[in-house]
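Participant: Whatever this is, show me its structure:
(one chain, ligands or ions: 1)
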Amino acid sequence: MSKSSVIDVFLRVRPTKNPSNLFKLNKDEGMAEFIIPKNPDQGYINNQIEKHTFNFAGVFPTDTTQEEIFDKIAKDVVDSAIEGYNGTIFAYGQTGSGKTYSMTGNPEARSSAGIIPRTLYHIYDYARREQELIIDVTISYLEIYGGSGYDLLVADNRSRNLHDLPKVQAMATANGQTILQGLSLKKAQTEEDALNLLFIGEQNRVIAETPKNDASTRSHCIFIVILECRKPTSDVKTVSKLCLVDLSGSERIGKTGVEGILQREATGINLSLHFLELVIDCLNRQANGENIHIPYRDSLMTLVLKDSLGGNCKTRMIATMSSEPDDLPESICTCRFAGRVANIKNKVTRNEAVDPFIIIEKLKRENQQLKAELAMIKGQSIKDHLESYEIDECKKKVDEFLNSDDPAAILVVNDHLKMNECFFQLKHMLKNLNKKASSQPVAQQPQAITTNNNPVEFQQLNDEVLRLKQLIIQRDNEIMILLNLIQKGKGSNTNQSLVLQGPISEQPEIQQANTSSILQPIEFPKQAEIDRQSQIFTEKPAVKKQNFMQGSLDSEPTSQITKTTTAQFKELNGMLSEPINISNDQLLDRNSALEMFRKSYRKAQAQEDLKQELQEKMMTSKELGLFINNQRNIISQLKDKIEQTRKEQVLLGLVSSDPNQVSTEEEKLIAEYNKQKDIYKQSFDKLKQLKAEVERMSTQLKHSREKMQQDFEKWIDMMLKQRNLNMAATSVLSDFKNLSQKGGEDVNSMVQQFYKNKEICNQLLQK
Ligand SMILES: Nc1ncnc2c1ncn2[C@@H]1O[C@H](COP(=O)(O)OP(=O)(O)OP(=O)(O)O)[C@@H](O)[C@H]1O
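Facilitator: Numbering: from 1, shown residues only. I've put the predicted structure just below:
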C-alpha cells in the first residue's frame, strides 16, 4: 500500500568566525529568521527593515554533532529502506556551507563521520542484531559533472582526469525503465567492504580532476545503496534504493536566469542544478493543482533523482548555510529553495517482490526430497552404502526397538539402505539366537518393500510412485518457467546497470554556450602614451572650462588608476613562475586560460607531487586491502581445518572431547592460525594508518586546488580588467588623435566622447 509523504527539509548552520547578528535560529520552533535593513546606509536601527522567516522540520545550530544530524535526519530513512521503502537524503547550499561535511564528513574518524558512513554502520549493525533478516548490500557511486555521469567505483585509481573514469549513461529499457549503463554495482558483504568502496569513491573524486579543477564545488555526487532484505524462510524479498546526494554549490544558480546560465558556460555555471530547480518549481505548481509536465528528462541529475522528487521515495533535504554577513543573501536563497522543496509530495510504496531464485532453490530441495522418497519406495537409493556412523545408528535403533517395553513401538528409518541394515541386524541377531537354540530354521532376509506379496498394498505403493513422479515433472516444469523468466530479465538489463523506475528517452544533451571570441589579441595599456595625452589635454583650459560632462579628470587621473591596477597585476604575477603570453581568444576561453595559468602557477608542481604521492599511497593501500582479504581467507580456512582435525581426532579416539586436550597436529595448526592472525592485525593497523594519511593528503590536495582556483579567479579577473581598460584606453587615444588633428572642428562632440570613455574606464576600474 502506498502512502503520501512530503519532503522534510532541515537547516544546518556551519560554524563561522564572524557570525552575523542579523540572523537568528529558533531551535524549538524549527525557525530561521533574517533581519535585513532595506537601506544599510541609514544604519540598522530604522524602520526600513525586511524580516525573512523560514520554517523547517528541524534546525541545527553550529554546535550540532554529526551523530545528532544522523539520528534526527537520516536514521529513520535508513530504517525504512531496510523495510523496503526507497529513500533519498540530499544536501543543498552554497559552496563551503558544509554539504560534504554533512554527507561524508571524515569516515575514518567516527565522531566526525557524516551521513553516508553512518548509514553503512547502521545497516550492518542492524544486520548483526537481527539475525532473522538476511540483508544484501550493493553499492554504486556516481559523479555528475557538466551533465555527464562518471563511475567513481573504478578500482584503478590511476585516472588523472575525470574523463578517464568510465562514463555512465542513462538508457531506456523496452519496459520503460531507466538504467544507468556503465555504473558498477558492487556487492558489500561486510561493513569493511562497504566503507572501502566509499573510500575508493572519495579518492577517485579527489584524484580525478575536472577540466576546471573545481569538482567539489561544481559536481554532484550520488552514493547509492541498494538493499535486498528477506527472512530465511520467506520467498518474498524487499528491494529498496537509498540515494545519498551531495549537490554542487548552489550560489551561482540563484543569481542568474537561464539565459545568463547558457551564456556563462565559460564560467562553469552548473546547468544540472538549474534543471533540478526547474523540476522543483514544476512539482510545486503541480502541487498547487496545475496540470504540468515535469521535465525530469532534461538532465541526468533529475533523471536519477526522479523517484526522490515526486516519486516513490521517502526524501529528506538538508539545507546548509553560513551566517557570515557576506553569505546572508545566499543563505536566504537557500532557505527559499528549501521552502519550495518542502511543498513537494511523494508517494511511498514498499517494494516487495517474490524472488524467483529463492523459489527455484526451494523447489529444487523439494524435488530432491521427492526423488529420495520415490527411490525409497522403489527400493532404490541415491547412495550405495552407509557410513559407519549410520550403521551404528541402525544398530542402536534395532536395540532400542527390541528392548522397548512399549508394544506399539516402531522402527523408524528414512531410507531403504538403513531399512535393509536394520533387517540385516535383526537377521544377524536372529541367527545368533538360532545358533544358540541350534534348532530353528534361519529366517529369510526380508525383501525390499516392492516385492511385498499383498496385492492391495502393492497397488497403493504403485499409485504413490505415480503421484510422486507426476509431482517431480510438475516441479521441473515450474523451474524451467522461472529460469526462462530470469533469462528474459537478464536480456533487458545489463549486469552492470542500475535500474531506475519510470520511462525515459535518451541521454539528454546539455546545450553548450558559444564561447568563441570576437575580440582582437590583447595589448596592454600604453601608460606613457595615456599620461602624455592627458597632460596635453589638461593644458587646454578653454576646452576644460566648457564642462560638458560630470566627473573630473583632475580628481581621478587615469594614470593613477592604471598604476594601481598594474601594482596588483604585479602582485598576482608573483604567483607565476613566468609571465603568461595569452591572446584575447584564450583569455575568454576559461579552460585554455586555466590550463595556461596552471602551467605557470608556481605551486602547481608541489600540487602535482602531492597528487603523485597520494596516488602511490592509494595503490599501496589497494594492494594492502587485497592482501588483507587474502589473509582473512587464510585465517578462516585454518579455523575450519582446526575444527575438522579436532572432529576427526575425537572420532578416531586420538584425543578426548575435552577441549583442553590438544594434539600435536592441532597445536601446530593453532600456532599457524595465531601467526596469520598477527599478520592480519598488523596489516590492518597499517592500512588504517595509510587510510588516515591518504585522507589527510586528500584534504591538503583539495585545499591547494581551492587556493589555485581562487588565485586563478583573481588573475583572470585582473587580466579581463586590463583587457577592457586597454580597449577603452585605445579608444581614448584615438579620440585624442582626432581631436588634435581636427583642431577646432567638432571639438565639443570629441570632448564629450572623451569624457564618456573616461567614465567607462573609471567604472571598469572601480569594479
Ligand atoms: N558543521 C560543521 N562543523 C565543522 N566544520 C564544518 C562544518 N560544516 C563545514 N565545515 C568545514 O567547512 C569546510 C567546507 O565545508 P564543505 O567542504 O563541507 O562545504 P561544501 O558545501 O561541501 O562545499 P563545496 O560546494 O565546495 O563542495 C570544510 O573544511 C569543513 O570541514
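
Participant: So which bits of the chain are right by the ligand?
Facilitator: 14-15, 93, 95-101, 216-217, 249, 320 (Cβ under 6 Å from any ligand atom). Any C-beta I mention is one placed from the backbone N, CA and C, and that applies to glycine too.

Participant: Wasn't Ala338 part of a strand?
Facilitator: No - checked against DSSP: H, G, I helix; E, B strand; the rest coil, Ala338 lies outside a strand; its state is helix.

Participant: How much space separates it from the ligand?
Facilitator: Ala338 is 15 Å from the ligand, where distance means Cβ to the nearest ligand atom, to the nearest Å.

Participant: ok, that residue - how many residues close by?
Facilitator: 24 (other Cβ atoms under 10 Å).

Participant: cool, Asp125 as well?
Facilitator: 11.

Participant: repeat for Glu665
Facilitator: As a measure of burial, Glu665 has 16 neighbours, counting by other Cβ under 10 Å.

Participant: Could you report the separation of it from Lys641?
Facilitator: 10 Å (Cβ to Cβ, to the nearest Å).

Participant: one step back: and the residues of the chain next to the ligand, which of them are buried?
Facilitator: 14, 93, 95-101, 216-217, 249, 320 (16 or more other Cβ atoms under 10 Å).

Participant: So what pairs up with Val348 in the strands?
Facilitator: Note on Val348: beta-bridge partners Lys3, judged by DSSP bridges.

Participant: Check it and give its pLDDT.
Facilitator: At Val348, the model reports a pLDDT of 74.

Participant: now do Lys675
Facilitator: 88.

Participant: So what's the residue count around it?
Facilitator: 11.

Participant: I'd guess His52 is in a helix, am I close?
Facilitator: No - applying three-state DSSP, one finds His52 to be strand, outside a helix.

Participant: quick one: the nearest residue to it once chain neighbours are set aside from Leu11, how far?
Facilitator: With sequence-adjacent residues excluded and distances taken as Cβ to Cβ, 6 or more residues apart in numbering, His52 is closest to Phe34, at 4.3 Å. Counting by Cβ to Cβ, the gap from Phe34 to Leu11 is 12 Å.

Participant: Next: Glu393.
Facilitator: Distance from Glu393 to Leu11, by Cβ to Cβ: 70 Å.

Participant: Break the chain into its domains for me.
Facilitator: 2-356+489-500, 357-488 (automatic domain parsing).

Participant: Let's have the ones you listed in CSV, adding distance to Leu614.
Facilitator: As requested, the domains of the chain are exported to CSV (distance: least, Cβ to Cβ, whole Å):
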stretch, distance to Leu614
domain 2-356+489-500, 7
domain 357-488, 42
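
Participant: about what we covered before: how many neighbouring residues does the residue nearest to His52 have?
Facilitator: 19.

Participant: tell me what the helix or strand it falls within is packed against?
Facilitator: Per DSSP states H and E: Phe34 is located in strand 31-37. Under the contact criterion of 3 or more Cβ pairs under 8 Å, 6 or more residues apart in numbering; DSSP states H and E, strand 31-37 touches strand 23-26, strand 49-55, helix 328-342.

Participant: Pass me the low-pLDDT residue ranges in the stretch 451-600 of the chain, would you?
Facilitator: Counting by pLDDT under 70, the stretch 451-600 of the chain has low-confidence residues at 451-458, 475-476, 478-573.

Participant: In it, which residue sits nearest the ligand?
Facilitator: Residue nearest to the ligand within the stretch 451-600 of the chain: Leu594 (16.9 Å; Cβ to the nearest ligand atom).

Participant: Quick check, central residue of the protein?
Facilitator: Centroid-nearest residue in the chain, with Cα atoms, centre = their mean: Phe223, separated by 1.3 Å.

Participant: residues in contact with that residue?
Facilitator: Residues near Phe223 by Cβ atoms under 8 Å, 6 or more residues apart in numbering: Met103, Ile116, Ile139, Ser140, Tyr141, Leu198, Gly201, Cys243, Leu244, Val245, Asp246.

Participant: Excluding chain neighbours, what is closest to the first one?
Facilitator: To tie it back to what came earlier, the one meant is Met103. Asp246 (4.4 Å).

Participant: Name all residues that make contact with that neighbour.
Facilitator: So, once contact is read as Cβ under 8 Å, 6+ apart, Asp246 ends up touching Phe90, Ala91, Lys99, Thr100, Met103, Thr104, His220, Cys221, Ile222, Phe223.

Participant: which one of the residues you listed has the most neighbours?
Facilitator: With neighbours taken as other Cβ under 10 Å, the top of the contacts of Asp246 is Lys99, carrying 30 neighbours.

Participant: Name the nearest residue to that one, sequence neighbours excluded.
Facilitator: Here the residue nearest Lys99, using Cβ to Cβ, 6+ apart, is Ala91, at 3.8 Å.

Participant: Just list the residues touching the closest residue to the ligand within the stretch 51-200 of the chain, thanks.
Facilitator: Nearest residue of the stretch 51-200 of the chain to the ligand: Gly98, at 2.7 Å (Cβ to the nearest ligand atom). Counting by Cβ under 8 Å, 6+ apart, Gly98 touches Arg12, Arg14, Ala91, Thr320, Ser322.

Participant: would TSV of those with distance to Val398 and secondary structure be doable?
Facilitator: Shown next, in TSV, are those (distance: Cβ to Cβ, whole Å; DSSP: H, G, I helix; E, B strand; the rest coil):
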residue	distance to Val398	secondary structure
Arg12	75	strand
Arg14	80	strand
Ala91	73	strand
Thr320	77	strand
Ser322	84	strand
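
Participant: which pair in those residues spans the largest distance?
Facilitator: Ala91 and Ser322 (13.7 Å; Cβ to Cβ).

Participant: how far away is the closest residue in space to Arg12 that isn't next to it in sequence from Ala194?
Facilitator: Distances taken as Cβ to Cβ, 6+ apart put Phe60 closest to Arg12, at 4.4 Å, once the chain neighbours are dropped. Phe60 is 26 Å from Ala194, where distance means Cβ to Cβ.

Participant: quick one: pLDDT of the closest residue to Glu330 other than its chain neighbours?
Facilitator: Leaving aside its chain neighbours, Glu330 sits nearest to Gln94 (4.3 Å; criterion: Cβ to Cβ, 6+ apart). pLDDT, Gln94: 90.

Participant: Regarding the chain, what is its longest helix?
Facilitator: helix 664-742 (DSSP state H).

Participant: Which neighbouring elements make contact with that one?
Facilitator: helix 191-207, helix 527-538, helix 558-573, helix 584-588, helix 590-600, helix 604-651, helix 747-766.

Participant: thinking again about what came up before, if burial is judged by neighbour count, which of the contacts of Phe223 pass?
Facilitator: The buried subset of the contacts of Phe223 - by 16+ other Cβ under 10 Å - is Met103, Ile116, Ile139, Ser140, Tyr141, Leu198, Gly201, Cys243, Leu244, Val245, Asp246.

Participant: Show the backbone phi and psi for the residue nearest to Glu330.
Facilitator: phi -70, psi 160 (degrees, to the nearest 10).

Participant: Hmm, it is touching Ser331, no?
Facilitator: Yes - if you go by Cβ atoms under 8 Å, Gln94 and Ser331 touch, sitting 7.3 Å apart.

Participant: Between the two, which contacts overlap?
Facilitator: In contact with both Gln94 and Ser331: Met321, Ser322, using Cβ under 8 Å, 6+ apart.

Participant: So the two - more neighbours on which side?
Facilitator: Ser331 (26 against 23).

Participant: what's the spacing between the closest residue to that one other than its chain neighbours and Met419?
Facilitator: Distance criterion Cβ to Cβ, 6+ apart; nearest residue to Ser331, sequence neighbours excluded, is Met321 at 3.9 Å. Distance of Met321 to Met419, computed by Cβ to Cβ: 79 Å.

Participant: Please say which of those two ends up with more neighbours.
Facilitator: Remark: of Met321 and Met419, Met321 carries more neighbours, 26 against 19, as counted by other Cβ under 10 Å.

Participant: what about that one, is that helix, strand or coil?
Facilitator: Per three-state DSSP, Met321 ends up strand.
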